Structure formats: C-alpha cells, structure tokens
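Asker: Fold the following.
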Amino acid sequence: MDILIPFLACVVIIGAAGIQSRIARTERRLARVERKLDLMLDHFGLQQELPRRDEITALLREGKKIQAVKVYREATGADLREAKEAVDRLA
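Answerer: Numbers count the residues shown, from 1 in each chain. Prediction:
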C-alpha cells in the first residue's frame, strides 16, 4: 500500500507529460497550416474578413492601441499575443 500511491502519482505525471507533448505537437502543426493558408491568401490577393475592422483601425488612428487589441480579441476570440500581433500588422 505504501508504494501504490507514489507509483500512481508517477503514472499520472507521465501521462500528463505525454498529453502535454501531444498538445504542443498539435499546436505546432496547426500553426504551420495557418501560415500556409496565409500564404495562399496572399498569393491570390485575398484578405481575411475582419469583424469590426473599421472600429479597430479608428482606435489605432487615435493612438488607442490597447483598446484596439481588446476590440480585436472580442471580435475574433484570439488570445492576447495573437491579437497584439494582428493589431501591430494593421498599424
């Protein structure tokens, strides 16, 4: 009984590490697919429709970058880093 608890704890830790590794690998693959799609859109001269684009660009013109990032996140559901990068590209 004394060895069972540490053994189960090790199994859980190893399992969690394996899941985390798979998630990281999936995120990297998804990022590659998104980059390829972005290249295809650029190649064909297409732009992805951005909801509330006018509002975001107006905020950028007023120097309200943080507010523009917030609106971008609300409109797209993007995380903070992705929203900041997108707003930087719009600026």
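
Asker: Please enumerate the helices of this protein.
Answerer: For the chain, applying DSSP state H gives helices covering 4-43, 53-61, 65-76, 80-90.

Asker: how far does the last one sit from the chain's center?
Answerer: In other words, helix 80-90. Distance, stretch centre to chain centre, for helix 80-90: 10 Å (C-alpha atoms, centre = their mean, to the nearest Å).

Asker: quick one: low-confidence parts of this protein?
Answerer: 1 (pLDDT under 70).

Asker: circling back to that earlier point, of the helices of the chain, flag the one that's most buried.
Answerer: Comparing the helices of the chain by mean neighbour count (mean count of other C-beta atoms under 10 Å), helix 65-76 comes out on top with a mean of 18. For every residue, glycine as well, the C-beta is placed using N, CA and C.

Asker: distance of Ala78 from Tyr72?
Answerer: To Tyr72, Ala78 is 6 Å away according to C-beta to C-beta, to the nearest Å.

Asker: scratch that, His43 is what I was asking about
Answerer: Counting by C-beta to C-beta, the gap from His43 to Tyr72 is 25 Å.

Asker: ok, now Pro6?
Answerer: The gap separating Pro6 from Tyr72 is 47 Å, by C-beta to C-beta.

Asker: now Arg53: how far from Ala68?
Answerer: In terms of C-beta to C-beta, Arg53 sits 11 Å off from Ala68.

Asker: Do I have it right that Tyr72 meets Ala86?
Answerer: Yes - if you go by C-beta atoms under 8 Å, Tyr72 and Ala86 touch, sitting 5.9 Å apart.

Asker: what touches both of the two?
Answerer: Jointly contacting Tyr72 and Ala86 under the rule C-beta atoms under 8 Å, 6 or more residues apart in numbering are Ala78.
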